[in-house]
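*Asks:* Mind folding the following:
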Amino acid sequence: MNLSGRLPVKKIKIAIVGIGNCASSLIQGIEYYKDKNNNDAIGLMHWDIGGYKPYDIEVVAAFDIDKRKVGKDISQAIFELPNCTKIICDKIPLTGVKVMMGNILDGISEHMENYDSEYTFSPSDKKESTKEEIINILKESGVEILLNYIPVGSEKAARFYAECALDAGIAFINNIPVFIASDQVWADRFKEKGLPIIGDDVKAQLGATITHRALTDLFNKRGVKLERTYQLNTGGNTDFLNMLNRTRLSSKKTSKTEAVQSVLDERLEDRNIHIGPSDYVPWQKDNKVCFIRMEGKLFGDIPMELELRLSVEDSPNSAGVGIDAIRCCKLGLERGIGGVLYSPSSYFMKHPPRQYSDDEAYLMTEEFISGKREY
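*Replies:* Numbering: from 1, shown residues only. As a prediction, the model looks like this:
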């Protein structure tokens, strides 16, 4: 037993691809909760999952393509520009884990080269790591789970890192809207290798999509016919800047729209539902502002309207979900489950392979954690 009085627990060793705001919030959160306990751990959905606490997660490898981050200890790299999320833990000890140069592929949108480096990437001049080099790093570091946090629209890069996970024999959590877990071919490949995967496109703890889903479900349950709706989002981080390139948005719009459509008894026609990022406002930084409008009919065909404005710090809003996803993925590894972890995916992700209501997904995930549900 250590000085804190708790039995030592083996660390969950993870690697992260994309050391942006989301990775920064996740790493800060792991350190932040080291001084907490179950009674004062505000902001977590679960304090304990399978005996693992938030601080039992250890980052042992990291990859990025920005020269301000590559080569630096990850404890320093997470505070480099263009990262701009709020700092919740500024005293993170050196880890000895250097950010390695990744593989670029389609990880940078061309239009971002026209922006000041304060707001966008500064591509590293270091030689890109090959697939073999990345796999060797993953194996040598003892990584168990690889987290994908690269930019929206990085279709080739996302599949490249999923391949690296398969070849390295590790689990994969796909936090972006490129369809890996929800693609049957990829799901089968992870199942064949006996490796768990959670995906796709991480939900916020309490963000635009989960709020929109909850309201849509409420309309259903209260007998209100939803006729049309929109969700407009603005933000000032590199995610929103990246999404100004509309050609990179196809899977993102599909993911967010399907998350809402899936809780309707009767799907809306495409012209009556619009969900997606609207604009990039630099001074908002990592603050995301969401506007939701819903129009429907009440008793006697009486019209009603609902409008809502939600303001959240975008990246920390996903970090707690990430911490839970990591620990559930570790349970999948311990239990020898290969393929998609359907319950955690349905609760933590916008575009899981199987959509359930949030109430169902919550109960399924609780059963998975307790061991009552296999996957």
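*Asks:* Now do the contacts for residue 130.
*Replies:* residue 103 (Cβ atoms under 8 Å, 6 or more residues apart in numbering). All C-beta spots, glycine's among them, are computed from the backbone N, C-alpha and C.
*Asks:* how about the helix ranked longest in the chain: buried residues?
*Replies:* The single longest helix within the chain, with elements called by DSSP state H, is helix 316-334. Neighbour counts over helix 316-334 (16 or more other Cβ atoms under 10 Å) mark 316-333 as buried.
*Asks:* tell me what the helix or strand following that helix is packed against?
*Replies:* Moving toward the C-terminus from helix 316-334, the next helix or strand (DSSP states H and E) is strand 339-340. The contact analysis (3 or more Cβ pairs under 8 Å, 6 or more residues apart in numbering; DSSP states H and E) places strand 339-340 against helix 184-192, strand 196-198.
*Asks:* Just want the phi and psi numbers for residue 129.
*Replies:* Here is the backbone geometry of residue 129 (degrees, to the nearest 10): phi -70, psi 140.
*Asks:* measure it to residue 271 for me?
*Replies:* 45 Å (Cβ to Cβ, to the nearest Å).
*Asks:* the more surrounded of those two?
*Replies:* residue 129 (20 against 7; other Cβ atoms under 10 Å).
*Asks:* Spatially nearest residue to that one (excluding sequence neighbours)?
*Replies:* residue 101 (5.3 Å; Cβ to Cβ, 6 or more residues apart in numbering).
*Asks:* And residue 287, by the same measure?
*Replies:* Nearest non-adjacent residue to residue 287 (Cβ to Cβ, 6+ apart): residue 313, at 6.0 Å.
*Asks:* Next one: that neighbour, what pLDDT does it get?
*Replies:* Predicted confidence (pLDDT) at residue 313: the value is 97.
*Asks:* can you pull the contacts of it?
*Replies:* Per Cβ under 8 Å, 6+ apart, neighbours of residue 313: 85, 86, 286, 287, 288.
*Asks:* Could you rerun that using 7 Å?
*Replies:* Neighbour list for residue 313: 85, 86, 286, 287 [criterion: Cβ atoms under 7 Å, 6 or more residues apart in numbering].
*Asks:* So residue 259 is in contact with residue 350, correct?
*Replies:* Yes. Residue 259 is within contact range of residue 350, at 4.4 Å (criterion: Cβ atoms under 7 Å).
*Asks:* where exactly do the helices run in the stretch 1-150 of the chain?
*Replies:* Here the stretch 1-150 of the chain has its helices, by DSSP state H, counting those that start in this stretch, at 21-32, 74-77, 131-140.
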